[in-house]
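J.: Structure for this input, please:
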Amino acid sequence: MNMTVSSGIQAWTLRRWKQTLTAEVPASLTGYWPALNDYEIVRQLAAHRGVSSYLALRPSGLGVERQVLLKVCQATLQFGFSSAKELSDESRLGLRLDHPGLLSVIDYGRDEGCTFQVREWVDGISLRRLLEQTWAKGQFPIIAALQLGEQLCSVLCYLHQLSVPPWAPAGLIHHGVVPSNVIVSAQGEARLGNLFQVQPRGTQLTSYQGASEDPEFGTARAFIAPELQAGAGSEPATDIFALGTLLYEAVVGPEALSGDVSSDWQRQRDDREVLRRLEAAPLPPRLTELLIRSMASSPNERFNSAEEMRLELIALLDEQQDQAGVGELRRLVQLQLQAE
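T.: Numbering: from 1, shown residues only. Have a look, this model is predicted:
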């Protein structure tokens, strides 16, 4: 093995791996899938709805091993069949997408009842963790939020304009622009994940649980545009609303989405509580206007496109650039990674 693995973490081969629904790698491992024999598990990262995620090592030629994110789902009567289909659908779509702001899919397949996906590994931190750790010390820097928003707008522009006939001839809507779905690399590059939530433009959601969910923070409803909750089809404005809410939470802080948002969020909007929080926050007036517009209740009052919102964020960045360096988001991530 040409890669040093942190002390205390043992490498396991997948030929001895057994499906588990816990967050711990079991002490006793049995069973294997030939298609994954070359992969070595470094550690388990998460387990949710029958899908276990691992940091793994994958041979990439000349004796060099590459870190990858490996997702494995073994179909079970409890929920594995639907999870396996979601993983397969996400993998097939991921192989067709090509944007630096998306977590790319390297490979996927099935083997003896096991569905697996191999995805690039990003050395970084989830935006949810970055927000919480930064809030513990103070305010999330405005310029870092602007840099984050501009990068995510670029991803949304790509998805909204991409035609995938015959399934999605008019473009794709992500439906999952929430902090837990964003990884920020050590270089300050934002990457949007969880492609299983991506659907064709015009899709009517049948479950809030499957779209725009942030399970770590319990704020699912806050990121779902009002028109979706009313049963309308999704449009680019749907993702713009979610991104506006993400940026609003970042710059206002942990109190931005306080309360039981599953029942209180609409009331907070109707009572103009969100507007009061924005006006009370020490934000540039132009940024306040951008957030109000992107989170407007009517999709017709939001930005016409993610590109229009991106250009406004760039203009704001130009205004703020003298107050902080161009690499503010990168600096913030590296500080948090060094502290861990």
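
J.: Strands along the stretch 51-200 of the chain, start to end?
T.: Secondary structure of the stretch 51-200 of the chain by DSSP state E, counting those that start in this stretch: the strands cover 51-59, 65-74, 105-111, 114-120, 124-126, 172-173, 182-185, 190-192, 199-200.

J.: How is this protein divided into domains?
T.: Listed by the TED database, the domain ranges of the chain are 34-120, 124-338.

J.: Let's have these in CSV, adding mean neighbour count.
T.: C-beta: built from backbone N, CA, C; applies to glycine. Converted to CSV, these look like this (neighbours: other Cβ atoms under 10 Å):
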stretch, mean neighbour count
domain 34-120, 17
domain 124-338, 18
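
J.: need those in a markdown table with mean pLDDT, can you?
T.: Below are the domains of the chain laid out as a markdown table (pLDDT from 0 to 100):
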| stretch | mean pLDDT |
| --- | --- |
| domain 34-120 | 85 |
| domain 124-338 | 87 |
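
J.: Put together JSON lines for the strands of the stretch 51-200 of the chain, with distance to residue 279 on each row.
T.: JSON lines is the format used below for the strands of the stretch 51-200 of the chain (distance: least, Cβ to Cβ, whole Å):
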{"stretch": "strand 51-59", "distance to residue 279": "41"}
{"stretch": "strand 65-74", "distance to residue 279": "41"}
{"stretch": "strand 105-111", "distance to residue 279": "43"}
{"stretch": "strand 114-120", "distance to residue 279": "41"}
{"stretch": "strand 124-126", "distance to residue 279": "30"}
{"stretch": "strand 172-173", "distance to residue 279": "30"}
{"stretch": "strand 182-185", "distance to residue 279": "27"}
{"stretch": "strand 190-192", "distance to residue 279": "27"}
{"stretch": "strand 199-200", "distance to residue 279": "35"}
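
J.: These: which one's closest to residue 246?
T.: Of all the strands of the stretch 51-200 of the chain, it is strand 182-185 that lies closest to residue 246, at 7.8 Å by Cβ to Cβ.

J.: so what does that closest one touch, helix or strand wise?
T.: Packing contacts for strand 182-185, counted by 3 or more Cβ pairs under 8 Å, 6 or more residues apart in numbering; DSSP states H and E, involve strand 124-126, helix 127-135, helix 142-161, strand 190-192, helix 328-339.

J.: Could you pull up the residues touching the most centrally placed residue in the chain?
T.: Nearest residue to the geometric centre of the chain (Cα atoms, centre = their mean): residue 181, 1.6 Å. The contact partners of residue 181, taken as Cβ atoms under 8 Å, 6 or more residues apart in numbering, are 192, 193, 194, 197, 214.

J.: I'd say the fourth one and residue 177 touch.
T.: So the one you mean is residue 197. No - using Cβ atoms under 8 Å, residue 197 makes no contact with residue 177, being 9.4 Å away.

J.: and the closest residue to residue 55 other than its chain neighbours, backbone torsions?
T.: Sequence neighbours aside, residue 42 is the residue nearest to residue 55 in space, at 4.5 Å (criterion: Cβ to Cβ, 6 or more residues apart in numbering). In terms of degrees, to the nearest 10, the main-chain angles of residue 42 are phi -90, psi -50.

J.: What's the separation between residue 42 and residue 58?
T.: Separation of residue 42 from residue 58 (Cβ to Cβ, to the nearest Å): 11 Å.

J.: any common contacting residues for the two?
T.: Common neighbours of residue 42 and residue 58 (criterion: Cβ under 8 Å, 6+ apart): residue 67.

J.: could you measure the residue nearest to residue 192 when sequence neighbours are not counted against residue 253, distance?
T.: Leaving aside its sequence neighbours, residue 192 sits nearest to residue 155 (Cβ to Cβ, 6+ apart; 5.0 Å). Per Cβ to Cβ, residue 155 is found 25 Å from residue 253.

J.: Same check on residue 54?
T.: From residue 54 across to residue 253, the span is 34 Å (Cβ to Cβ).

J.: Kindly report the same for residue 70.
T.: For residue 70, the distance to residue 253 equals 35 Å [Cβ to Cβ].

J.: same question, residue 275
T.: Relative to residue 253, residue 275 is positioned 16 Å away (Cβ to Cβ).

J.: again, but for residue 49
T.: Distance from residue 49 to residue 253, by Cβ to Cβ: 31 Å.

J.: residues contacting residue 297?
T.: Contacts of residue 297 (Cβ under 8 Å, 6+ apart): 226, 269.

J.: Okay then, goodbye and thanks.
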